[in-house]
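Enquirer: okay, here's the prediction I keep looking at, along with the sequence it came from:
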Amino acid sequence: MAEFVMPSLGADMAAGTLANWRVALGDTVSRGDIIAEVETEKGLIEVEVFETGVVEALLVAEGEKVPVGTVLAEIRAVSASVPASESAPGDIISSGASDVDLDGPMASPAVRRRAHELGVFLGGVEGTGDHGRITLDDVQHLAGAQAAPIASGDRVRISPYARRIATERGVDVLRIGGTGPGGAIQASDVLSAKVPEPRKSVSAAERMQSAIAAAMTRANDEIPHYYVEHSIDMGNALAWLRETNASLSVAERLVSGAVVLRAVARALRKHKKLNATWQGGEVVPSDGIHVGLAVSLRGGGLVAPALRSTDEGSLSDLMARMTDLVSRARAGALRSSEMTSATITLTSLGERGVESVTPIIFPPQVAIVGCGATLERPWVVDGQVVPRPIMRVTLGADHRVTNGHQGARFLSALDGLLQEPEKL
Amino acid sequence: MTTYRDAVRTALQTLLREDPRVFLMGEDVGRYGGPYAVSKGLLKEFGEERVRDTPLCESTFVGAGIGAALGGMRPIVEVMTVNFSLLALDQVVNNAAVMRHMSGGQFEVPIAVRMATGGGKQLAAQHSHSLENWYAHIPGIKVLAPATVQDAHDMLLAAVEDPDPVFIFEHQMLYGMEGPLDTEATPPSPWKAAIRRSGSDVSLIAYGGSVHKALTAAEKLEKERVSAEVVDLRSLRPLDRETIVASVSRTHRAVVIDEAWKTGSLASEISAILAEDAFYELDAPVVRVCTLEVPIPYAKHLEEAALPQVDRIVEAAKRSVGGG
């Protein structure tokens, strides 16, 4: 039996709220399927399962906040070698031999199957059979007992039609009186009842906004930011892009954003202290360079999914991955791993005409790079004033980890890399 | 204006004139002109071959009609009342209804059987009952209950045209009723129920003679600011579930009026349909107004007390609007 646990969606995450189950008891899941949504300070994150099997138990209810590592669900592995058609009807029985949990409840295959059908969880159940064996009667009894809380509640004397329209209108039938025989609630009673203010439903965008608010407040409260800024001459980079793109199809063409992204990643190779996280009072260097790309979403909201190993592979490959990531981010189809693995963030607001950005670090990261627009400016080159395309790049960094001197050297390195775009 | 009786006769004349396969037979349909004077004058017009008086033996002449239908004729058989038709029930259930099925579709039984039904004329416990539900229970036959002059005419034409056995129940209180008859108009499908009066508070669902009591009740209810819709079932088998459910989905209350005894009645069937298909539309329990579970009495006041009456329908509708 595999356990599906509350993942650590970021090095500093201690607990998460299970926002939604995307699967139901008995559903078959495959490795890589999104089976739950978890709400963290970073936002609502889709969580994938790493096992293929059948959802045997959902142990945490929606809305419950639990520590990282808490078992959320049990996935019973289905042997990959057994064709689905053979495994389906008798899988609970046939797979028993390999999956029997010796510490688990004692129950015959028939009992387990019945329990599965009725959605009864047998863990910890003491049966009434010999040696505590769980019997079919026990399962039936448990099914009744476990279902009871849903079925119970005060019985209301109400017509079916009145009940239906009460549900549609959000009228609580326990709170209104009936004028029918024996106090029965009729449609007229529902229609004359004061309709409560529709409960404001919290949209995913609103939840995301509140998660961003929490993260940014924490960043501003805890992180001693310092900022250094550099104006980078993008002339060489843009000339190289024009030349390169001339021989590429429209779909393959590179954008300057990809060049900057790669240059940031490469610059970090030499300035590893900026590529780290701050955890529990100390800096933890990150293993790879995974630059998070700040993507604003339509209808509000902001995500910064990571492009893994941003410093590696060809530039055209990076370009393709970047396009894919941004479109998936906007479609709300990001993976939990992408949401949590960024080691530094890059935010570009140049397209909006912004000249420079003074960004706030995404905890637990320790640095963030903000790019403004690339604008034609009068620039002094070799004693002459000439128009050059200039981009202002701002590094925001955590002073507990690095200082302005180190930050400045990083920006210089970035500048240097952008002067030789062909090497990126 | 035409009477219900004349409307049936007009249809009989049309059928006898236009289709040589059609003939009428039954007790006293010829020389006597029919117990309700429906076939008056037809013997003279069409002769003994086509308007045939039969012995007092329902099993025989209904059976003969079934045989004639199997042989390619289009017999119209008149049975004096539904009470007497029980003698022919074996022919109906075991032959007419099953022949298509048992012959693997080789034979059909295009017979039309007309009979009087219902009480109200002090004809006592052997001539007054409503047993339409007995017939509506049987797969393989169709059952119609014309409540208007127009339907009395149109439904007989449709019954003779239909390839299966069709039973037509004519309420004995309706024969003298007058109403408009248009023999040129294209008739509506006989298998669909009709909204005879639109309303918004309660559906009065009835058939045959009870339709008129329901309409009178609806008028009375209107004076008491209750808007009643009247549904005329028209076809008792098949039942038009759709129209019934649609009406109750508008009014959310139902009173079913049925001159049969309540137990096991068509009113019970309608109630079950509403429970099945309109449960979440019901704002009050379904109320059934049926004949009291006694043999229909001879004494006038007792007969009136036993049969569904307008006042009982009004009272039931008000109870329903009040939540049951």
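Expert: Yes, it's here. Residues are numbered from 1 along each chain as shown, chains lettered A, B, ... in the order given.
Enquirer: around chain B, pick out the residues from chain A.
Expert: By CB under 8 Å from any CB of the partner chain, the residues of chain A that approach chain B are A:159-164, A:178-181, A:184, A:186-187. For every residue, glycine as well, the C-beta is placed using N, CA and C.
Enquirer: for the helix or strand hosting residue B:257, the distance to its chain's centre please.
Expert: Assigned by DSSP states H and E, residue B:257 belongs to strand B:254-261. How far strand B:254-261 lies from its chain's middle: 13 Å, per CA atoms, centre = their mean, to the nearest Å.
Enquirer: stretch A:181-199 now?
Expert: Going by CA atoms, centre = their mean, where stretch A:181-199 is centred and where its chain is centred differ by 41 Å.
Enquirer: tell me which residues in it are buried?
Expert: By 16 or more other CB atoms under 10 Å in any protein chain shown, the buried positions in stretch A:181-199 come out as A:184, A:185, A:186, A:187, A:189, A:190, A:193.
Enquirer: how is chain A carved up into domains?
Expert: Segmentation of chain A into domains, based on automatic domain parsing, reads A:2-150, A:160-192, A:208-423.
Enquirer: closest to residue B:248 out of those domains?
Expert: domain A:160-192 (9.5 Å; CB to CB).
Enquirer: and the gap between the residue of chain A found nearest chain B and residue A:162?
Expert: Across chain A, the shortest distance to chain B (CB to the nearest CB) belongs to residue A:180, at 2.8 Å. Distance check for residue A:180 against residue A:162: by CB to CB, to the nearest Å, it reads 9 Å.
Enquirer: which two in the buried residues of stretch A:181-199 are spaced the farthest apart?
Expert: Across these (CB to CB), the longest gap, 14.3 Å, separates A:184 and A:193.
Enquirer: which residue sits closest to the residue of chain A closest to chain B, ignoring its sequence neighbours?
Expert: Closest residue to residue A:180 apart from its sequence neighbours, by CB to CB, 6 or more residues apart in numbering or on different chains: residue B:323 at 2.8 Å.
Enquirer: residue B:140 too?
Expert: Leaving aside its sequence neighbours, residue B:140 sits nearest to residue B:97 (CB to CB, 6+ apart; 3.2 Å).
Enquirer: quick check, pLDDT for the one you found.
Expert: With respect to pLDDT, residue B:97 scores 97.
Enquirer: count of residues packed around the residue of chain B at minimum distance from chain A?
Expert: Of all residues in chain B, residue B:323 sits closest to chain A, at 2.8 Å by CB to the nearest CB. If you count neighbours by other CB atoms under 10 Å in any protein chain shown, residue B:323 ends up with 24.
Enquirer: quick one: residues contacting it.
Expert: Contacts for residue B:323 (CB atoms under 8 Å, 6 or more residues apart in numbering or on different chains) come out as A:159, A:178, A:179, A:180, A:181, A:184, A:186, B:283, B:284.
Enquirer: dump these into JSON lines; add pLDDT as well.
Expert: Putting those into JSON lines (pLDDT from 0 to 100) gives the following:
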{"residue": "A:159", "pLDDT": "90"}
{"residue": "A:178", "pLDDT": "85"}
{"residue": "A:179", "pLDDT": "86"}
{"residue": "A:180", "pLDDT": "84"}
{"residue": "A:181", "pLDDT": "82"}
{"residue": "A:184", "pLDDT": "88"}
{"residue": "A:186", "pLDDT": "90"}
{"residue": "B:283", "pLDDT": "92"}
{"residue": "B:284", "pLDDT": "93"}
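Enquirer: which member of the residues of chain A next to chain B is positioned nearest residue B:312?
Expert: Nearest to residue B:312, judged by CB to CB, of the residues of chain A next to chain B is residue A:181 at 18.4 Å.
Enquirer: for the closest one, which non-adjacent residue is spatially closest?
Expert: residue B:323 (5.2 Å).
Enquirer: ok but the one you found is inside a helix, no?
Expert: No. Counting by DSSP: H, G, I helix; E, B strand; the rest coil, residue B:323 is located in no helix; its state is coil.
Enquirer: and chain B, what are its domains?
Expert: With domains defined by automatic domain parsing, chain B comprises B:2-179, B:194-321.
Enquirer: need the overlap of contacts for residue A:180 and residue A:162.
Expert: Counting by CB under 8 Å, 6+ apart, the residues touching both residue A:180 and residue A:162 are A:186, A:189.
Enquirer: and the two? Which one has more around it.
Expert: Each of residue A:180 and residue A:162 has its neighbours counted (other CB under 10 Å); residue A:162 has more, 31 against 20.
Enquirer: for the more buried one, give me the pLDDT.
Expert: pLDDT, residue A:162: 91.
Enquirer: contacting residues for it?
Expert: The contact partners of residue A:162, by CB under 8 Å, 6+ apart, come to A:173, A:185, A:186, A:187, A:189, A:190, B:283.
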